[in-house]
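Engineer: here you go, sequence then predicted model.
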Amino acid sequence: MSQPVKSARTLRSSEKGASEGAPESAGSRRAAAQRLKMRRELASAAMELFATKGYEATTVDEIAAAAGVARRTFFRHFRSKEEAIFPDHDDTLVRAEAVLDAAPAHEHPLDTVCRGIKEVMRMYASSPAVSVERYRLTREVPTLREREIASVARYERLFTRYLLGHFDERAHHVGNDDPLLAEVAASAVVTAHNHVLRRWLRGGGKGDVEAQLDHAFAIVRDTFGSGIGAGRSAADREPAASVSTTGEVLVTVARTDAPLSEVMRTIERALKDR
């Protein structure tokens with residue numbers, strides 16, 4: 001089986017980092033933080049105006065004025081007013097991709113994808129009230145709904161590429177179901193995430209949404225996980241945890257870097273088999 005295929009964007013970033021020979025500077029981090037802060041301020045102003053004046057009646061000039069900046073500043077951060085209520089998606093996509101790129105070799109690729117999409121959930125969960133209001137707006141305004149769908153598609157493409165990278169692309173031929181399985185699994189992860197997110201938003205953004213997400217991902221993993229990465233070498237397939245029993249005692253031995261979700265699944269399977 002081939003190694004995971006990194007995206008062109010990631011490769012370009014790696015090459016740039018190697019050529020510069022230095023980590024990201026404190027100045028560039030501050031600039032990125034200031035950029036995100038301004039994007040969020042513009043998004044907050046846009047959402048408040050959409051809620052009070054209505055989406056169609058609100059102009060870019062009004063959004064910029066409410067945020068205390070010039071019109072040109074708005075367009076340095078967003079291409080349109082509908083884009084303004086999704087200020088974090090670009091940065092979240094970068095964080096999700098970073099999770100995939102830094103995945104340990106032993107980790108099941110579907111578990112890696114589930115960890116990556118958690119970055120999206122954390123984005124929403126960081127500001128529940130804002131997320132709930134944004135959800136209401138996207139239900140009412142078709143243009144915003146289309147923008148949200150486009151954002152979801154970007155995540156799905158990222159995760160599909162990652163899963164496909166765990167198969168030999170030369171083997172993608174009729175009769176080989178690996179590419180189909182990878183695409184279905186990526187869609188299932190995104191669907192599970194969106195189902196849990198919508199339920200949480202409809203409930204007013206209350207409750208432990210990460211625990212709900214873990215439960216949904218366990219279902220996806222049990223349903224689709226057995227085929228993903230089946231061609232890995234024996235070393236790569238080293239289990240995250242092993243279980244032995246003595247009488248009524250169950251003993252679990254796990255690697256210190258093993259994902260908790262995989263350890264728990266190993267224990268659950270052992271208990272069911274008793």
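Structural biologist: All right, it came through fine.
Engineer: quick one: T92 from S242, how far?
Structural biologist: 36 Å (C-beta to C-beta, to the nearest Å). Glycine gets a C-beta too; all of them are placed from N, C-alpha and C.
Engineer: more neighbours: which of those two?
Structural biologist: T92 (21 against 13; other C-beta atoms under 10 Å).
Engineer: can you tell me the element the more buried one falls in?
Structural biologist: helix 89-101 (DSSP states H and E).
Engineer: what comes up buried for that helix?
Structural biologist: H89, T92, L93, A96, E97, V99, L100, D101 (16 or more other C-beta atoms under 10 Å).
Engineer: stretch 184-191 too?
Structural biologist: Buried residues in stretch 184-191 (16+ other C-beta under 10 Å): V184, A185, A186, A188, V189, V190.
Engineer: same question for stretch 193-204.
Structural biologist: H193, N194, V196, L197, W200, L201.
Engineer: give me the most central residue, this protein.
Structural biologist: I117 (2.1 Å; C-alpha atoms, centre = their mean).
Engineer: would you tell me which one of the buried residues of stretch 193-204 comes nearest to R139?
Structural biologist: Nearest to R139 among these is L201, at 9.6 Å by C-beta to C-beta.
Engineer: how about A46, what does it touch?
Structural biologist: T58, I63, K81, A84, I85 (C-beta atoms under 8 Å, 6 or more residues apart in numbering).
Engineer: quick one: R154 and D90 touch, right?
Structural biologist: No - assessed by C-beta atoms under 8 Å, R154 is found out of contact with D90, at 9.2 Å.
Engineer: what sits up against stretch 64-78?
Structural biologist: Residues contacting stretch 64-78 (C-beta under 8 Å, 6+ apart): 35, 38-39, 41-42, 44-45, 48-49, 60-61, 63, 84, 87.
Engineer: look at S80 and say how many residues are nearby.
Structural biologist: 11.
Engineer: for it, give its distance to T58.
Structural biologist: 12 Å.
Engineer: just A46 next, same as before
Structural biologist: In terms of C-beta to C-beta, A46 sits 7 Å off from T58.
Engineer: what's the overlap in contacts for the two?
Structural biologist: With C-beta under 8 Å, 6+ apart, A46 and T58 have common neighbours K81.
Engineer: not counting its neighbours along the chain, what's nearest F159?
Structural biologist: Spatial nearest neighbour of F159, chain neighbours left out: A186 (4.2 Å); criterion: C-beta to C-beta, 6 or more residues apart in numbering.
Engineer: over to A192?
Structural biologist: A216 is the one closest to A192 (C-beta to C-beta, 6+ apart), at 4.0 Å.
Engineer: same question for V189.
Structural biologist: V113 (5.3 Å).
Engineer: pLDDT score for the one you found?
Structural biologist: pLDDT recorded at V113 is 91.
Engineer: so it is in which element?
Structural biologist: Per DSSP H and E, V113 falls inside helix 109-125.
Engineer: flag the shaky bits of the stretch 51-200 of the chain, pLDDT-wise.
Structural biologist: Counting by pLDDT under 70, the stretch 51-200 of the chain shows low-confidence ranges at 167-176.
Engineer: at 80 what do you get?
Structural biologist: Low-confidence segments of the stretch 51-200 of the chain, defined by pLDDT under 80: 164-182.
Engineer: thanks a lot, see you next time.
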